[in-house]
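>>> Return a 3D structure for these sequence lines:
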Amino acid sequence: GLALGLTDVEFISGCSKPIVVGIVGAENAGKTSLLAAWYLLISKGLSTKIQRRFAGSYSLAGWESISDGLRWEPGQPPCFPSHTPSSSRRSPGLLHITFQNQATGNAQEYLFADAPGEWFGKWALNSESTEAEGARWLAKNADMFLLMSDREALSGKSKGRARSEFKRLVQRLGGELNGRPIALVWTKGDIVEDETMINSIRDSTYSVIPEAHEFQIQVLPNSENETPESGLLELLSWVVEQESLKVKLPELQYTGQDPFFMFGCRNLM
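Numbers count the residues shown, from 1 in each chain. This is a model prediction of the structure:
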């Protein structure tokens, strides 16, 4: 029931290929908090607002572990999940969930990667680093990416370093996309906006990844019409609407009547 490893993935993919969602970003950018908030919304049945119904999970204990701090407890206010530790693991922890499409009735398996931000910093500096093996695995195997942009860090006291590291990560990730979907996700959207910073990060991102989609999430409402759940569900809706890359077969040139020779080689000696 905990977060899955690569051996567990073989079991999950027995019937169909799961969609792997790579969540990429610096330490404390909000990667684990995003997963925890999604889980709590799903547990309340709110995924039905985006036409998806919860249909099972093999990692419920893992989901519960990261989301426990966000729940109200008697005499204890909610807090953010603990930092995902950087260790010698060679792959990220994978949180599994199955969604059923309410319109079609089809079910789809998803694996959400919960990886420490330190991995991505080392991977952005040196893609072949032995300490970046987990980030390399994710860059190779993810079907889509969520690039987390920490508004607080990018506007804070160490903003120069944070912006340099973020732009370096954008450069590295842009070279690995190969047509896979990606979203630029502004976290901590309730922080006072710094338009200069936002435009700088936006321009540097789109110059490398022009196809990126942009979203904003926060824990406090910015207005009566913009609640935290609206941004979280909008992003989740985009995730479940994406499809994994399909294999494209070459066009058939055979014009005969025998189907056994449709994929045969031609001009054989």
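>>> Show me the shaky parts of the stretch 151-269 of the chain.
For the stretch 151-269 of the chain, the stretches with pLDDT under 70 are 192, 220-226, 243-269.
>>> now the strands: where do they sit in the stretch 151-269 of the chain?
Counting by DSSP state E, counting those that start in this stretch, the stretch 151-269 of the chain has strands at residues 182-187, 213-216.
>>> winner for burial among the ones you listed?
Among those, judged by mean count of other Cβ atoms under 10 Å, the one packed with the most neighbours on average is strand 182-187 (a mean of 22). (Glycine included, C-beta is placed from N, CA and C.)
>>> Now do that one: which elements does it pack against?
Counting contacts by 3 or more Cβ pairs under 8 Å, 6 or more residues apart in numbering; DSSP states H and E, strand 182-187 packs against helix 31-43, strand 144-150, helix 195-208, strand 213-216, helix 228-241.
>>> Using CSV, write down the CA coordinates of the last one.
As requested, C-alpha coordinates have been extracted for helix 228-241 and formatted as CSV (Å, rounded to 0.1, in the frame of the first residue of the first chain):
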residue,chain,number,x,y,z
PRO,A,228,-7.9,26.7,-4.1
GLU,A,229,-9.9,23.7,-5.4
SER,A,230,-10.7,25.3,-8.7
GLY,A,231,-7.0,25.7,-9.7
LEU,A,232,-6.2,22.1,-8.5
LEU,A,233,-9.1,20.6,-10.4
GLU,A,234,-8.2,22.6,-13.6
LEU,A,235,-4.7,21.2,-13.5
LEU,A,236,-5.9,17.6,-12.8
SER,A,237,-8.4,17.9,-15.6
TRP,A,238,-5.5,18.7,-18.0
VAL,A,239,-3.5,15.8,-16.7
VAL,A,240,-6.3,13.2,-17.3
GLU,A,241,-7.1,14.6,-20.7
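>>> quick one: it to chain centroid distance?
12 Å (Cα atoms, centre = their mean, to the nearest Å).
>>> Begin at 439 from now on, thanks
OK, 439 is where the count begins now, so the last one is helix 666-679.
>>> circling back: to Lys487, which of the strands of the stretch 589-707 of the chain lies closest?
strand 651-654 (16.0 Å; Cβ to Cβ).
>>> for the protein, what spans make up the helices?
For the chain, the helices defined by DSSP state H cover 444-450, 469-481, 498-505, 555-563, 571-579, 589-593, 597-612, 633-646, 666-679.
>>> returning to what we had before: could the helices and strands packed on strand 620-625 go into a markdown table alongside distance to Glu571?
Formatted as a markdown table, the helices and strands packed on strand 620-625 follow (distance: least, Cβ to Cβ, whole Å):
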| stretch | distance to Glu571 |
| --- | --- |
| helix 469-481 | 18 |
| strand 582-588 | 18 |
| helix 633-646 | 24 |
| strand 651-654 | 28 |
| helix 666-679 | 25 |
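>>> Among the ones you listed, which comes closest to Asn616?
In terms of Cβ to Cβ, the element of these nearest to Asn616 is strand 582-588, at 11.1 Å.
>>> got a list of contacts for that closest one?
For strand 582-588, contacts defined as Cβ atoms under 8 Å, 6 or more residues apart in numbering pick out 457, 459-464, 466-469, 472, 600, 604, 607-608, 611, 615, 618-626, 639, 643, 647, 650, 673, 677, 680.
>>> which of the residues in stretch 619-639 are buried?
619-629, 632, 635-636, 639 (16 or more other Cβ atoms under 10 Å).
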